[in-house]
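Visitor: Structure for this input, please:
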Amino acid sequence: PVEVVLHAMDRPGLARDVTTLLAESKINLERLASRPDSRHGSVDLALRIAISNLDELARLLTRLAALPGVISARRRT
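Guide: Below is the predicted model:
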């Protein structure tokens with residue numbers, strides 16, 4: 001399992017877009033938690049996903065970062 005953190009502008013459908021992307025990529029989502037920041041209209045999404053290799057993770061992070069409103073997508077260290 002790999003921990004991934006997304007920082008994004010909070011908007012309706014964001015979690016759906018993330019989970020749809022994971023499903024289309026055939027990546028299993030083990031956990032999803034959100035931490036909204038209403039002062040800035042943003043949200044941090046913490047995901048735990050099952051990844052088979054680093055290339056797959058790199059492709060996924062690129063695709064997540066391209067979703068509307070996503071500011072950053074990175075592996076949690």
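Visitor: can you pull the contacts of residue 9?
Guide: The contact partners of residue 9, by Cβ atoms under 8 Å, 6 or more residues apart in numbering, come to 41-43, 69, 71. Backbone N, C-alpha and C define where each C-beta goes, glycine included.
Visitor: Quick one, which of those are buried?
Guide: For these, a burial check counting by 16 or more other Cβ atoms under 10 Å picks out 42-43, 69.
Visitor: Which of those fall within strands?
Guide: If you go by DSSP state E, the buried ones among the contacts of residue 9 have 42-43 in strands.
Visitor: of all the buried ones among the contacts of residue 9, which comes closest to residue 33?
Guide: Minimum distance to residue 33 across the buried ones among the contacts of residue 9 is 10.5 Å, recorded for residue 43 (Cβ to Cβ).
Visitor: which residues does the closest one contact?
Guide: Here residue 43 is in contact with 7-10, 14, 34-37 (criterion: Cβ under 8 Å, 6+ apart).
Visitor: between those residues, which has the most around it?
Guide: Neighbour tally across the contacts of residue 43 (other Cβ atoms under 10 Å): the maximum, 24 neighbours, falls on residue 8.
Visitor: quick one: strands adjacent to the one helix or strand that one maps to?
Guide: Following DSSP states H and E, one finds residue 8 within strand 2-9. Strand 2-9 has its sheet partners listed here by DSSP bridges as strand 42-50 (antiparallel), strand 70-75 (antiparallel).
Visitor: I appreciate the help and will end here.
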